[in-house]
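Q: predicted model and sequence follow; I will ask about them next.
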Amino acid sequence: MIREFAGEWWGLLWRFGRLMSVGVMGRAGRHQIRRMSYDIGFRRSRGRLFRVSPQEVFPADLEVSIRETAGEPWNVKLEELLVLNALVRQVRPSALFEFGTFDGRTTLNLAINAPEDAKVYTIDLKPAGPTSAFVVGSRFQGTEQARKIVQLYGNTLSFDFSPYVNGMDFVFIDAAHEYANVLSDSRNAINLLRDGKGLIVWHDYEAWPGVTAAIEQLVREDPRFAETRHIAGTTLAFLWRR
Ligand SMILES: C[S@@+](CC[C@H](N)C(=O)[O-])C[C@H]1O[C@@H](n2cnc3c(N)ncnc32)[C@H](O)[C@@H]1O
């Protein structure tokens with residue numbers, strides 16, 4: 001028992017040491033450190049949004065499908081994926097837009113929980129080439145859900161969103177986490193909503209200072225964002241305009 005515990009203790013110490021030394025040199029490692037510090041209660045930016053429980057947003061017995069349960073540091077956490085999937089089931093969107101595809105784990109899950117004839121648009125930066133650390137969209141490419149997914153490339157700060165404006169029912173914002181990017185992505189997101197109605201979800205609220213500051217500025221200054229809420233137990237914030 002003690003030997004087993006000692007093995008786990010050393011294993012954790014070794015991984016932690018590696019993350020805090022070599023890990024800080026990579027973006028994924030820095031992301032993981034931020035998520036871990038959030039998980040143990042260290043928050044540089046405690047949010048001011050009104051907090052609601054998941055059960056206040058969707059029924060507790062809602063059935064969802066889930067794929068690719070194992071996550072990478074840049075993916076949403078498993079419980080956040082479940083909440084996102086439940087939100088999709090609840091809203092039943094015909095068209096969805098994701099800012100920040102990464103490996104496509106969330107994209108795949110959005111697609112499988114959306115109605116049969118729904119389309120999921122997802123955007124990420126154009127890959128740097130064979131040296132890229134990951135393949136954008138690799139988790140949905142070649143799957144049965146790929147027919148529902150439209151993969152877009154571009155920088156969301158300069159991308160021409162006009163073909164998608166006023167056509168989306170569900171938007172997920174999880175691209176660059178800097179303040180200016182989140183402000184810009186959020187303003188684009190609200191213009192994407194069909195007749196101004198639908199759901200916007202942000203990832204990493206309270207976990208990233210830039211995300212928290214941008215959302216709270218919008219809530220303070222733009223009445224269209226006034227009803228934005230934080231889902232307790234997650235880093236997801238959402239705005240449901242009906
Ligand atoms: C945290 S990851 C997204 C994770 C994904 N949404 C998920 O749930 O698994 C952020 C992604 O945004 C992309 N990204 C960063 N800045 C961007 C920008 N300005 N425009 C488009 N994509 C961007 C990165 O390349 C990265 O793949």
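A: Cool, got the structure.
Q: how about stretch 155-167 and the ligand, touching?
A: Yes - applying C-beta under 6 Å from any ligand atom, one finds stretch 155-167 touching the ligand at N155, T156, L157. Any C-beta I mention is one placed from the backbone N, CA and C, and that applies to glycine too.
Q: tell me the first helix or strand C-terminal of the lengthiest helix in the chain.
A: When the chain is parsed with DSSP state H, its longest helix is helix 2-21. Note on helix 2-21: by DSSP states H and E, the next helix or strand toward the C-terminus is helix 27-39.
Q: show me what counts as buried in the longest helix of the chain.
A: For helix 2-21, a neighbour-count test (16 or more other C-beta atoms under 10 Å) marks L19 as buried.
Q: which elements pack onto that helix?
A: If you count contacts as 3 or more C-beta pairs under 8 Å, 6 or more residues apart in numbering; DSSP states H and E, helix 2-21 packs onto helix 27-39.
Q: avg pLDDT for the helix it packs on?
A: For helix 27-39, the mean pLDDT works out to 73.
Q: mind listing residues that contact it?
A: 19-20, 22-24, 43, 72-74, 77, 133, 206-208, 235 (C-beta atoms under 8 Å, 6 or more residues apart in numbering).
Q: narrow these to those that are buried.
A: By neighbour count, with 16+ other C-beta under 10 Å, the contacts of helix 27-39 hold L19, G23, P73, W74, E206, A207, W208, T235 as buried.
Q: what is the nearest of the residues you listed to the ligand?
A: Closest approach to the ligand among these (C-beta to the nearest ligand atom): W74, at 4.1 Å.
Q: for the residues of stretch 155-167 next to the ligand, give me JSON lines that also has secondary structure, distance to R229 and pLDDT.
A: Below are the residues of stretch 155-167 next to the ligand laid out as JSON lines (DSSP: H, G, I helix; E, B strand; the rest coil; distance: C-beta to C-beta, whole Å; pLDDT from 0 to 100):
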{"residue": "N155", "secondary structure": "coil", "distance to R229": "29", "pLDDT": "98"}
{"residue": "T156", "secondary structure": "coil", "distance to R229": "23", "pLDDT": "98"}
{"residue": "L157", "secondary structure": "coil", "distance to R229": "26", "pLDDT": "98"}
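Q: can you list the residues of this protein near the ligand?
A: Within the chain, the residues that sit near the ligand (C-beta under 6 Å from any ligand atom) are 74-76, 100-102, 105-106, 123-125, 155-157, 174-176, 181.
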